[in-house]
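K.L.:
Just the structure for this:
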Amino acid sequence: MTGAVTDLSACYVEMFLKDPKPPEPGRSAVWMFGQDHYAKADHWVEIWMVTGDHTMMPGTPAGAEKIIHLGPDGHRGGPYPKYHHNADNLMFFTGTDPSAPRDLGAHVEFHLGEGEQEQVFHFDEPRCIVIPRGVRHFPMIVSGLRRPFVITDILTAPTRTAAGTETDFSYVMSD
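P.N.:
So this is what the prediction gives:
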């Protein structure tokens, strides 16, 4: 946030809750915050809890019909990797056991980049994945969940539209 705030009551902001029914397997509802909710917001933020083993943004098998979801802000997404062309992205993975702060509570496999540039990261301790603008990211595979953990996803833009978020609908899930 930039500039001096004179009306402090404007600092108490209701966030948007994406609460799909039925719930998505392996994850909680998602809290969202950005310029759509607070005019002076500089960043788009999403926060959710991982509650079970699952694969996020896996694409679709070859020959399967593409699935497209329309978000409340008009963003076209689905179970496919993404690019943010106008913003960097920070994804914080944090555990929920205060007596074991270095234990994430699960194993995460995170895919970043594509083709020969693709990197696959494996971790079971809290981490931050820094996703530079224009770099494809996902799928993310969570396995061996022992306890829920939290993901805080921050875009360096006030909305997904301003971030130039593009879903890679051409991505085909590998076997």
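K.L.:
can we go C-alpha only for contacts and neighbour counts from here?
P.N.:
OK.
K.L.:
Residue 143 and residue 105 touch, don't they?
P.N.:
No: if you go by Cα atoms under 8 Å, residue 143 and residue 105 don't touch, sitting 9.7 Å apart.
K.L.:
of those two, who's got more company?
P.N.:
residue 105 (24 against 16; other Cα atoms under 10 Å).
K.L.:
Next, the more buried one: secondary structure please.
P.N.:
Of the three states, residue 105 takes coil under DSSP: H, G, I helix; E, B strand; the rest coil.
K.L.:
Which residues lie in contact with it in this structure?
P.N.:
95, 96, 124, 125, 145, 146, 147, 148, 149 (Cα atoms under 8 Å, 6 or more residues apart in numbering).
K.L.:
which of those residues are buried?
P.N.:
The neighbour-count test (16 or more other Cα atoms under 10 Å) marks 95, 96, 124, 125, 145, 148, 149 as buried among the contacts of residue 105.
K.L.:
okay if I get these as JSON lines plus distance to residue 71 and secondary structure?
P.N.:
Below are the buried ones among the contacts of residue 105 laid out as JSON lines (distance: Cα to Cα, whole Å; DSSP: H, G, I helix; E, B strand; the rest coil):
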{"residue": "95", "distance to residue 71": "28", "secondary structure": "coil"}
{"residue": "96", "distance to residue 71": "28", "secondary structure": "coil"}
{"residue": "124", "distance to residue 71": "30", "secondary structure": "coil"}
{"residue": "125", "distance to residue 71": "31", "secondary structure": "coil"}
{"residue": "145", "distance to residue 71": "28", "secondary structure": "coil"}
{"residue": "148", "distance to residue 71": "25", "secondary structure": "coil"}
{"residue": "149", "distance to residue 71": "24", "secondary structure": "strand"}
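K.L.:
residue ranges with poor pLDDT in the chain?
P.N.:
1-5, 72, 175 (pLDDT under 70).
K.L.:
Tell me which stretches of it form strands.
P.N.:
In the chain, the segments counted as strands under DSSP state E are 16-18, 30-33, 44-50, 54-56, 69-70, 76-77, 82-84, 89-94, 107-112, 119-123, 127-131, 137-143, 149-155, 165-167.
K.L.:
So which elements touch the fifth one?
P.N.:
Helices and strands touching strand 69-70, by 3 or more Cα pairs under 8 Å, 6 or more residues apart in numbering; DSSP states H and E, are strand 76-77.
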